[in-house]
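In: Structural data only, the sequence is not supplied:
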């Protein structure tokens, strides 16, 4: 049997992609199994495949949709600001000129979220504004960006006013900007 694997989280550079490939090659060698690396376009379906050997997910889909269906193998620990062991945080970014000094100032504005099943890009922001909401609403509009990087881009370009981004993506993104 050929097992499938994908490591889609933070796979933002050719160097990291090669490191992920090396990890999976070592896994295949150590287990004597054939492991095919895939680039899934639909992660919720991919995570439920019977031939899945290893993948990554955000904690929110794991807790709300996958627990009991997949086996948690490990929780990574990242060496980035905002991370402590396996715990991490999100950064809330706002558009320059949006007039947001405190979170309450963002009422009625446009929020970008990467995915409705993301803890760091949706759930954290939802939780932060919930006490400030009126009639169950806080933002004037919520738009789906598809990724943390796209959320930041939307805020920077004025298509959104606010977004939450996990601290790992934020530090990687800031590091790439500084290197340019």
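Out: Structure's in. What do you need? Note that this is a predicted model, so its numbers are computed, not measured. Residues are numbered from 1 along each chain as shown.
In: which regions of the protein sit below the pLDDT cut-off?
Out: Across the chain, the ranges flagged by pLDDT under 70 are 11-12, 175-180.
In: any chance you could map the helices in it?
Out: Taking DSSP state H to define them, one finds helices in the chain at 14-31, 43-46, 59-61, 124-129, 148-157, 167-179.
In: Could you save these as JSON lines and add columns showing distance to residue 140?
Out: C-beta coordinates here come from the backbone N, C-alpha and C atoms, glycine included. Below are the helices of the chain laid out as JSON lines (distance: least, C-beta to C-beta, whole Å):
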{"stretch": "helix 14-31", "distance to residue 140": "37"}
{"stretch": "helix 43-46", "distance to residue 140": "29"}
{"stretch": "helix 59-61", "distance to residue 140": "24"}
{"stretch": "helix 124-129", "distance to residue 140": "12"}
{"stretch": "helix 148-157", "distance to residue 140": "15"}
{"stretch": "helix 167-179", "distance to residue 140": "24"}
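In: so residue 146 touches residue 116, yeah?
Out: No: with contacts counted by C-beta atoms under 8 Å, residue 146 stays clear of residue 116, the gap being 11.1 Å.
In: for the helices of the chain, which one ends up most surrounded?
Out: Across those, averaging neighbours per residue (mean count of other C-beta atoms under 10 Å) puts helix 148-157 on top, at a mean of 20.
In: Surely residue 53 and residue 4 touch.
Out: Yes: assessed by C-beta under 8 Å, residue 53 is found in contact with residue 4 at 6.5 Å.
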